[in-house]
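Peer 1: build me a model from this:
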Amino acid sequence: MFEVSRRAVVSGLLLLVPAAATPLPDAPILPPELRDLWPGRRTAVSRGARATVVAPGPARREPLDELAREADTAGARVSAVLGRPVRPLIVLPESDRDAARLAGAARLDGLAAVADGGRVIVVPEAFATLSRTGRDVVLTHELTHVVAGTEGLPVWLYEGFADYVGYRDAGLPVKTAAAELAAEVRAGRLPNALPGPAAFAADGRDPDRLARAYQEAWLACRFLADRFGEGTLVWLYRAARARGVDQALASLGLSVATLTARWRAYVREQLV
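Peer 2: As a prediction, the model looks like this:
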């Protein structure tokens, strides 16, 4: 999944700190979300302008510094939409299996990163296959989850909103960003309902369906932003967390059913 930051970014300084609770003298103090991830091993740390990246040490400096710069850019994108400072905390595990362990998940098939509490865990093997634009979208998407929260929301709204922020400045045509869904629509298979939790299962069984679920959710939020404005989309998201999605949509004269009908027409319009 997928502006150049308007603020300067600086290369991080790679440091090694112990995984134990007591740091070495002069070692950087890490936030709780980044401590004790690899018991008995040292932790490599790279800092950007606002971002902090950790990996099991020893680790090469260049990949961590690059990831810190990318996280700074992604954080600036999230801040531009949500209107609050973002200090990204990024974990770079040594393998996809290690990423799943840290996230408390059995598998992370089809995902390049996951939001986990106040941090983002990169799924390294999948993340390494992405273009620079793809890495930017993924980091921005997951940081949106961290900053905006997801509790109390339907999955289509929190995944679609995160992709809306992720793709907002990516410069990708809609048909490129939603390639799998576009193929379905051109074949006459328009989605009937907003995607539910089952469509987002990262179990490796149907990667195309997983991709389409994110694309469907993204276009639902993109429709809301196009129709009512980005500020209203952000308001809707916050109102849905506070009062529930039905009440938030009703404030715009919508129900889930009317939104679904208008979203289906929008999907056809954008992708045919």
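Peer 1: contacts only, for L219.
Peer 2: G160, V174, A178, L181, W263, Y266, V267, Q270 (C-beta atoms under 8 Å, 6 or more residues apart in numbering). Where C-beta positions appear, they are placed from N, C-alpha and C, glycine not excepted.
Peer 1: what about it, which SS state?
Peer 2: helix (DSSP: H, G, I helix; E, B strand; the rest coil).
Peer 1: how far away is it from A240?
Peer 2: Distance of L219 to A240, given as C-beta to C-beta, to the nearest Å: 18 Å.
Peer 1: got it, and G134?
Peer 2: Distance from G134 to A240, by C-beta to C-beta: 28 Å.
Peer 1: same deal with E184?
Peer 2: Separation of E184 from A240 (C-beta to C-beta) stands at 27 Å.
Peer 1: do V138 as well
Peer 2: For V138, the distance to A240 - C-beta to C-beta - is 24 Å.
Peer 1: coming back round to it: more neighbours: G134 and A240, which one.
Peer 2: A240 (21 against 17; other C-beta atoms under 10 Å).
Peer 1: please verify my assumption that the more buried one contacts A248.
Peer 2: Yes. Using C-beta atoms under 8 Å, A240 is in contact with A248, at 4.1 Å.
Peer 1: next, count neighbours for R205.
Peer 2: The burial count for R205: 10, using other C-beta under 10 Å.
Peer 1: all numbers from here: first residue = 15
Peer 2: With 15 as the first residue, the last one maps to R219.
Peer 1: does R121 really touch A215, like I thought?
Peer 2: No. Between R121 and A215 there is no contact under C-beta under 8 Å: 9.5 Å.
Peer 1: and stretch 112-128, average pLDDT?
Peer 2: Mean pLDDT, stretch 112-128: 93.
Peer 1: oh sorry, the question was meant for stretch 148-167
Peer 2: Per-residue scores along stretch 148-167 average to 97.
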